[in-house]
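Visitor: predicted model, plus sequence, below.
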Amino acid sequence: QVQLVESGGGLVQAGGSLRLSCAASGRTFSNYAMGWFRQAPGKEREFVACISWRGSSTDYAGSVKGRFTISRDNAENTVYLEMNSLKPDDTAVYYCAVQITGWGSGGKYDYWGQGTQVTVSS
């Protein structure tokens, strides 16, 4: 089992920045690729970004590419999502998850955290 706890969400004006954290405990965190997802009200959950177990490979949804950066610190068992140039459309609950198989938006993910709310005002 892996337990994930997201933090760092909040209210920010359009154009602002936030840094989300996902702290992991349980199984060896560094063995797994990790992903960030988001779910806006009335919409399905969507892939945002993922990072390989060593941090050497990343993938992003087209809507966030160039604005968001995923990173990880295996010594701290934490994965981060740096979000810049935020837009009202980025408003959602953001979740992290362990990548079980596959890669990117087509991968299979499990051990979801409880999520952290990000609200971007116009």
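Guide: Alright, I've got the coordinates.
Visitor: tell me the spacing between the most centrally placed residue in the chain and Trp112.
Guide: The chain has Trp36 as the residue nearest its centroid, 2.4 Å off, counting by CA atoms, centre = their mean. Distance, Trp36 to Trp112, by CB to CB, to the nearest Å: 11 Å. Heads up, the C-betas are built off the backbone N, CA and C, glycines and all.
Visitor: name the residues contacting each of the two.
Guide: Overlap between the contact sets of Trp36 and Trp112, as judged by CB atoms under 8 Å, 6 or more residues apart in numbering, is given by Tyr95, Cys96, Ala97.
Visitor: dump the residues you listed to CSV, plus distance to Arg72 and secondary structure.
Guide: Output for the shared contacts of Trp36 and Trp112, formatted as CSV (distance: CB to CB, whole Å; DSSP: H, G, I helix; E, B strand; the rest coil):
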residue, distance to Arg72, secondary structure
Tyr95, 16, strand
Cys96, 10, strand
Ala97, 13, strand
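Visitor: can you flag the buried ones in the residues you listed?
Guide: Tyr95, Cys96, Ala97 (16 or more other CB atoms under 10 Å).
Visitor: nearest to Leu4 among those?
Guide: For these, the minimum distance to Leu4 (CB to CB) is 5.3 Å, reached by Cys96.
Visitor: and Gln3, what does it touch?
Guide: Ala24, Ser25, Gly26, Tyr111.
Visitor: among the residues you listed, which lie within helices?
Guide: Residues from the contacts of Gln3 lying in helices, with DSSP state H as the criterion: none.
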